[in-house]
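Engineer: Could you work out the structure for the sequence below:
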Amino acid sequence: MSLTNITILAIESSCDDTAVSIIKNGKILSNKVAGQKVHEIYGGVVPELASRAHQANIVPVLDVALKTANVQLSELNAIAFTQNPGLIGSLMVGCSFAKSLAQSLNIPLIAVNHMQAHVLAHFIDEPKPIFPFLCLTVSGGHTQIAVFSNYFESKIIGKTIDDAAGEAFDKAAKMLNLPYPGGPLIDEYAKNAHVEFQFAKPNIPNLDYSFSGLKTSFLYFLKKEMIKNENFIIENRDNLCASIQNSIVKHLMKKLILASKQTGIKNIALAGGVSANSSLRNEIEIEGKKLGWKTFIPAFEYCTDNAAMIAMTAHFKFLNNEFVDLSVAPSSR
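Structural biologist: Model (predicted):
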């Protein structure tokens, strides 16, 4: 098997996006994603509906990805897929499809951790992070700070003890009667704000995070104000969005700054779906200039769930001979 002409097809199906990417010699040739609008009316992802949609979407997305990359199945050297974490039904679709494809083509199979892939998405484009670096990974299901000493060695030094940052955004959006997914809408409406409301500040020791108290404080604040004015949310939508967003971002940055001071590491990366938030991206740049950080922020297309990050991780795993056999199974954690 040649190590000078490596072409890998990668599948991402951890939640409600069906994605396929083709990578050749470390360069992304295509990165296609099919979303699922079926969940909007429920205000959140319905696992059973997600897995059914993956089954319907995976072949068409695969076809488009191959055509965009101008690659034939016969040219592939390996098949990669997201093994964990995620919704088990969704993961099973991607895993089963990947195993079948790898077996039919008689090529190796590569299992990828979704969270690790979010971090390694930084190596798709320039500038690439310099080891060692701190990475703040923020998504709907995870919030953590980790030290990366190389592509595959990392140590988590801080994590959320309850809600993730993305979950806090979505729950706050629901309280404001915003449609799902609400996080991007909060970011958009916050740009028009002119007043900031204050909520209880999380006070968690060490480098860990907590967002449940902030979420509760926000809820009680809304209830109190709604008693006085039933139109309070409607009349203050933009200000409320900015206020809850600022509270979440300040909490994220406080612990990241502390982590940098404690470790002495000034190479700082941002990853995960919430890394698309404009306020968080701005704050990490602003604080970085003050503190002498070298910051690394991924392109928007590599922030949310995508297969390019799975492909990039698979490329490094291929070089490291990290393959799995057909007995491999997905896991939700």
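Engineer: Please count neighbours and contacts with C-alpha atoms only from this point.
Structural biologist: Fine.
Engineer: burial of Gly292, as a residue count?
Structural biologist: By the criterion of other CA atoms under 10 Å, Gly292 has 10 neighbours.
Engineer: Not counting sequence-adjacent ones, nearest residue to it?
Structural biologist: Spatial nearest neighbour of Gly292, excluding adjacent residues (CA to CA, 6 or more residues apart in numbering): Lys266 at 7.0 Å.
Engineer: what separates Gly141 from Gly272, distance-wise?
Structural biologist: According to CA to CA, to the nearest Å, Gly141 stands 10 Å off from Gly272.
Engineer: Where does pLDDT dip in this protein?
Structural biologist: For the chain, the stretches with pLDDT under 70 are 1-4, 36-39, 41-43.
Engineer: Let me know the outermost residue of it.
Structural biologist: Within the chain, Lys228 marks the point farthest from the mean C-alpha position, 38.7 Å out by CA atoms, centre = their mean.
Engineer: returning to what we had before: run through the residues that contact the residue nearest to Gly292.
Structural biologist: 133-134, 260, 292-294 (CA atoms under 8 Å, 6 or more residues apart in numbering).
Engineer: Same check on Asn106?
Structural biologist: Asn106 neighbours (CA under 8 Å, 6+ apart): none.
Engineer: quick one: Cys135 is in a strand?
Structural biologist: Yes: checked against DSSP: H, G, I helix; E, B strand; the rest coil, Cys135 lies within a strand.
Engineer: In terms of helix, strand or coil, where does Ile110 fall?
Structural biologist: strand.
Engineer: how about the strands of the stretch 101-250 of the chain, start to end?
Structural biologist: Ranges of strands within the stretch 101-250 of the chain are 109-113, 133-138, 143-148, 154-159, based on DSSP state E, counting those that start in this stretch.
Engineer: Check which helices and strands the helix or strand harbouring Gln83 is in contact with.
Structural biologist: Per DSSP states H and E, Gln83 falls inside strand 78-84. Using 3 or more CA pairs under 8 Å, 6 or more residues apart in numbering; DSSP states H and E, the elements in contact with strand 78-84 are strand 7-12, helix 88-105, strand 109-113, helix 114-120, helix 308-319.
Engineer: residues in contact with it?
Structural biologist: 7-14, 91, 94-95, 98-99, 101-102, 107-114, 310-311, 314, 329-333.
Engineer: Out of the strands of the stretch 101-250 of the chain, which gets nearest to Pro202?
Structural biologist: Nearest of the strands of the stretch 101-250 of the chain to Pro202, taken as CA to CA: strand 154-159 at 13.6 Å.
Engineer: Tell me the buried residues in the closest one?
Structural biologist: Buried positions in strand 154-159, judged by neighbour count with 16 or more other CA atoms under 10 Å: 154, 158-159.
Engineer: could you list every residue that touches the spatially most central residue of the chain?
Structural biologist: Centroid-nearest residue in the chain: Gly272, 2.8 Å away (criterion: CA atoms, centre = their mean). For Gly272, the contact set (CA under 8 Å, 6+ apart) comprises 115, 118-119, 137-139, 303-305.
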